[in-house]
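**Q** Here is the input, now give the coordinates:
(one chain, ligands or ions: 2)
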Amino acid sequence: MPATPATDRYSKPAIFLHWAIFLLVALAYVAIEVRGPKGSDSRAFWNTIHFCSGSLVLALASLRLLWRLWHGVPAEVESTRILVFLARVVHLALYLFIFTQPLLGILMVNAGGNPVSLPIVGLDIRLIGADPVARPLLKAMHKFTGNLFYWVIGLHALAAIGRHVLLRDRTLRRML
Ligand code: HEM
Ligand code: HEM
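**A** Ligands and ions are numbered 1, 2, ... in the order given. Just a heads-up that it's a prediction; the model follows:
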């Protein structure tokens, strides 16, 4: 059996994981935007949603990377060298993001002296102990990356839609 897929579509698990991670990242962003003032019940609720969706991104990102290494990806859609290069750079950045952003969040909460408590599954994640020196640095990095990737994700989505509408190639269809 060949190690690489014969069709030019992404496999069903890759498609499922791509869109599930997209929805969870969107939920993590929404939760932060709507959480409300410090000390309110709304803030506690939405913070929990943020922690849960973010942690799930990390879990699904690991599955996604393992699946990619196991199954491979379809050959790239034919395009100019510069577009192929840019798409590779952005995809690499997105992969790094779905691992590092949740990890930074978890480390930030842990450095503040708290575990990340996930309800329903009853999991308490504690990767490091309290660290008052590292916490502000982790927080600044989490905020910076979070704000930067609004733009990177927007660019990635715009490129996919632009290729579908203007170039009329299969890039978007093979991820649906
Ligand atoms: C892909 C997943 C994630 C994304 C996209 C994300 C994004 C963000 C963004 C945009 C902010 C607001 C930054 C600002 O105020 O300018 C934020 C804040 C925060 N995030 Fe995340 N995050 C993710 C995962 C996590 C995880 C897994 C945790 C911890 C378990 C976490 C903990 C926090 C905390 C505690 C804050 C509030 C920081 C503060 O203002 O005190 N995040 N996140
Ligand atoms: C949090 C949001 C998103 C993340 C983290 C993300 C991440 C990724 C990554 C890492 C890849 C490369 C897949 C691989 O080669 O293994 C990819 C491919 C793709 N994404 Fe996204 N994506 C997001 C949102 C979107 C959105 C909103 C759209 C469309 C509107 C989209 C459309 C696509 C398409 C069409 C491909 C295939 C590109 C190709 O074959 O060259 N993605 N995405």
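**Q** In contact with the residue lying closest to residue 125 once chain neighbours are set aside, which residues?
**A** Excluding its sequence neighbours, the residue lying closest to residue 125 (C-beta to C-beta, 6 or more residues apart in numbering) is residue 116, at 4.2 Å. For the C-beta atoms, the positions are set from N, CA and C on the backbone; glycine is no exception. Contact analysis of residue 116 by C-beta atoms under 8 Å, 6 or more residues apart in numbering lists 51, 55, 105-106, 109-110, 124-126.
**Q** possible to save those residues as CSV with distance to residue 77, secondary structure and neighbour count?
**A** Output for those, formatted as CSV (distance: C-beta to C-beta, whole Å; DSSP: H, G, I helix; E, B strand; the rest coil; neighbours: other C-beta atoms under 10 Å):
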residue, distance to residue 77, secondary structure, neighbour count
51, 37, helix, 21
55, 33, helix, 21
105, 34, helix, 24
106, 36, helix, 22
109, 40, helix, 22
110, 42, helix, 21
124, 44, strand, 9
125, 39, strand, 15
126, 44, coil, 13
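**Q** Close to ligand 1 as well: tell me which of the residues you listed qualify.
**A** 51, 55, 105-106, 109 (C-beta under 6 Å from any ligand atom).
**Q** and the two most separated of these?
**A** 55 and 109 (10.3 Å; C-beta to C-beta).
**Q** which parts of this protein sit against ligand 1?
**A** Within the chain, the residues that sit near ligand 1 (C-beta under 6 Å from any ligand atom) are 25, 28-29, 32, 50-51, 54-55, 57, 101-102, 105-106, 108-109, 116, 139, 142-143, 146-147.
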